[in-house]
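Enquirer: Predicted model and sequence follow; I will ask about them next.
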Amino acid sequence: MITLRKAQDRGHAEHGWLDSWHSFSFADYQDPRHMGLGNLRVINEDRIAPDTGFDTHGHRDMEIISYVLDGALLHKDSMGNEARIVPGEVQRMSAGIGVRHSEHNHASNQTTHFLQIWILPDEAGGEPGYEQKFFDPALKRGKLALVASPDGAEGSVSMRADARLYAGLFDGSESLSRAIDPARPHYVHLVRGALTVNGQPLQAGDAATLRGETELRLSEGLQAEVLVFDLAA
């Protein structure tokens, strides 16, 4: 079964300095029909205005992934990490027993556009952790590159959750067909462009939930960037 989630149907929050679209219930946007999928809890598409950002705040018991699309994200945390995250990089922060961090856009003339992703860990607690890696666009061109996984396979960042996150770039005749486990839900989020997923056309911000499917098919891309989540049931 394939269920579509259109971009305009997501929750939306406009705070002046932050424009945020919520795929699942978050903060003041609460919809019992969209509380997450499997262990995927949050996908927020955020745009941070110049010279603003998220001031220091805390999290615990969550695997948090940042995926930057445009601009740069400046990260600082209570573990002593300070990093600049740019397009092509994937950042993973394991909150564990508790971590405090801030995320800012220090550019004076450019908006930072990124995805904030939360995945529930397999177990609560543990020491906080941090990892950041760059993935060359060539690894994603016409295919799906593994960018986050439980064991760091294929050079991906590792996370404490039974989930795998893939990123792909598709344009023109580029297409992909691959077998997937029907016992595991899959979530396909189109970051930008246009793409057909198992026969269903998607536009930027749209998503498709696959349940009980044995195959994933991606085709008819138009400057498409896509994230595919393989999730615990």
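Expert: Received it, and whenever you're ready, just let me know what you need.

Enquirer: Please count neighbours and contacts with C-alpha atoms only from this point.
Expert: OK.

Enquirer: does residue 90 sit in a helix, a strand or a coil?
Expert: strand (DSSP: H, G, I helix; E, B strand; the rest coil).

Enquirer: surely it meets residue 64?
Expert: No. Assessed by Cα atoms under 8 Å, residue 90 is found out of contact with residue 64, at 10.4 Å.

Enquirer: Run through the bridge partners of the most centrally placed residue in the chain.
Expert: Of all residues in the chain, the one closest to the mean position by Cα atoms, centre = their mean is residue 117, 4.5 Å from it. Bridge pairing for residue 117 (DSSP bridges) gives the partners residue 43, residue 65.

Enquirer: Contact partners for it?
Expert: Each residue near residue 117 by Cα atoms under 8 Å, 6 or more residues apart in numbering is listed here: 40-44, 64-66.

Enquirer: residues touching residue 197, list them.
Expert: With contact taken as Cα under 8 Å, 6+ apart, residue 197 is in contact with 208, 216-219.

Enquirer: any idea how far residue 222 is from the residue nearest to the centre of the chain?
Expert: Residue 117 sits at a distance of 24 Å from residue 222 (criterion: Cα to Cα, to the nearest Å).

Enquirer: now do residue 185
Expert: From residue 185 across to residue 222, the span is 26 Å (Cα to Cα).

Enquirer: mind giving me the domain ranges of this structure?
Expert: Listed domain ranges for the chain are 11-134, 137-231 (source: automatic domain parsing).
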